[in-house]
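J.: Using only what follows, build the 3D model:
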Amino acid sequence: MRTLHVGLRVSDLDRSLAFYTAVGCTVAGTVEDTAFGCLTMLQLPGGRFVTIELVNDPAKGMADPGSGINHLVVQVESLEATLADLAAKGTAAGPPGRPVGADGPQTSWITDPDGYRIELVQWPAGHPDGMTSADFT
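T.: Residues are numbered from 1 along each chain as shown. Coordinates of the predicted model:
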């Protein structure tokens, strides 16, 4: 088993697409008129697979990011370069930090137009991609 993607309900599809494409995501496809509304599938920069599904149904009103999802986490190769790129595109990010100490990952946060928080993570040199039980010993 593996996680395929996360579905986020968004209030304004155009506004959300502008944000996520500025962050570097690309649209892999769209499924119109489902029981949930319009589904737009996004791939992260350099990703091979869909990671985020934007779910838009204007009849449902505003999205409520506090009703279940706390945040998304995205790995980046260089946090410094990513933050510079985001700033050049008008996306503000929180200051970089190392929440688990000097030997841990470097992180920063951005927030999408509906209030979903996204944590950007740069692993320390030599750390494998992804998180395993070794990260908690």
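J.: Pull the contacting residues for the closest residue to Thr40 other than its chain neighbours.
T.: Sequence neighbours aside, Leu54 is the residue nearest to Thr40 in space, at 4.3 Å (criterion: Cβ to Cβ, 6 or more residues apart in numbering). In this view, the C-beta of every residue, glycine as well, is placed from N, C-alpha and C. By Cβ atoms under 8 Å, 6 or more residues apart in numbering, the contact set of Leu54 is Gly7, Leu8, Val10, Leu13, Ser16, Leu17, Tyr20, Leu39, Thr40, Leu42.
J.: The same query, at a cut-off of 6 Å, please.
T.: Leu8, Val10, Ser16, Thr40 (Cβ atoms under 6 Å, 6 or more residues apart in numbering).
J.: Redo those as a markdown table? Include secondary structure.
T.: A markdown table is the format used below for the contacts of Leu54 (DSSP: H, G, I helix; E, B strand; the rest coil):
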| residue | secondary structure |
| --- | --- |
| Leu8 | strand |
| Val10 | strand |
| Ser16 | helix |
| Thr40 | strand |
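J.: May I ask which of the residues you listed has the most neighbours?
T.: The most neighbours of any of the contacts of Leu54, using other Cβ atoms under 10 Å, belong to Val10, which has 26 neighbours.
J.: What pLDDT does the model give Ala88?
T.: For Ala88, the pLDDT comes out at 95.
J.: circling back to that earlier point, what is the nearest of the contacts of Leu54 to Gly104?
T.: Using Cβ to Cβ, Leu8 is the member of the contacts of Leu54 that lies nearest Gly104, at 27.0 Å.
J.: Return the distance of that closest one relative to Val27.
T.: Noted for Leu8: a distance of 14 Å to Val27, by Cβ to Cβ, to the nearest Å.
J.: How about Ser16?
T.: From Ser16 to Val27 the distance is 11 Å (Cβ to Cβ).
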